[in-house]
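# here is my input; please provide its structure:
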Amino acid sequence: MLAEIPRAGLGGEVGLLGVRPGMSRRDTQVKRFNRGSRVKFQNQVFENTRVDLDGNEYRNCTFRRCTVVYSGGQVPLISGCDFNGCEFGFSDAAERTLIFMNRMYHGGFQNIIEETLASVRSGPSGGGVKS
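Presented below is the predicted three-dimensional model:
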């Protein structure tokens, strides 16, 4: 599940990487910051590493050649960040949701998935990603 997504005001070239089932966390260098309470990062640079977004807050940070992963936990807050050469991946509950949506789409429920994507395109509704 690999696709280019536009800059969307976040800055830099951003890709989308589907994290494969069975992929060990040891397969990549891991930076895991979320262990319960929200961790706040401001004006930090993350480079050549994996960053798990769940539950954290990122303000005016720079991500260079990172694998940025959302697992379906608490929605992260992202504001004013720059992503350069990064891949976005999904694991755990977030990955399973995408697999389910893919199966729905190809199982005769294209209209439901298209409506869902139209809702995503129309703008945030209580979301945490802000440019």
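# and the strands in this protein?
Ranges of strands in the chain, per DSSP state E, are 2-5, 14-18, 30-31, 40-42, 45-47, 50-52, 57-59, 62-64, 67-70, 77-79, 82-84, 86-90, 129-130.
# I'd like to know which elements the fifth one is packed against.
Helices and strands touching strand 45-47, by 3 or more C-beta pairs under 8 Å, 6 or more residues apart in numbering; DSSP states H and E, are strand 62-64. C-betas here are computed from N, CA, C, even on glycine.
# quick one: contacts of the strand it packs on?
Contact with strand 62-64 is made by 12, 44-48, 51, 81-86, as judged by C-beta atoms under 8 Å, 6 or more residues apart in numbering.
# check Ala94 and give its pLDDT.
Per-residue pLDDT puts Ala94 at 97.
# tell me the contacts of the nearest residue to it once chain neighbours are set aside?
Residue nearest to Ala94 in three dimensions, not counting chain neighbours: Gly72, with 3.7 Å by C-beta to C-beta, 6 or more residues apart in numbering. Residues in contact with Gly72 (C-beta under 8 Å, 6+ apart) are 54, 90-97.
# okay, now the unreliable bits of this protein?
1-36, 125-131 (pLDDT under 70).
# longest helix anywhere in it?
If you go by DSSP state H, the chain has its longest helix at helix 92-106.
# may I have it exported as CSV, CA atoms only?
Extracted C-alpha coordinates of helix 92-106, given in CSV (Å, rounded to 0.1, in the frame of the first residue of the first chain):
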residue,chain,number,x,y,z
ASP,A,92,-1.9,-2.5,14.8
ALA,A,93,-5.5,-1.1,15.0
ALA,A,94,-4.9,1.5,12.3
GLU,A,95,-3.5,-1.1,9.9
ARG,A,96,-6.4,-3.4,10.6
THR,A,97,-8.9,-0.6,9.9
LEU,A,98,-7.2,0.1,6.5
ILE,A,99,-7.3,-3.6,5.6
PHE,A,100,-11.0,-3.8,6.5
MET,A,101,-11.8,-0.7,4.4
ASN,A,102,-9.9,-2.2,1.5
ARG,A,103,-11.9,-5.4,1.7
MET,A,104,-15.1,-3.4,2.0
TYR,A,105,-14.2,-1.4,-1.1
HIS,A,106,-13.4,-4.5,-3.2
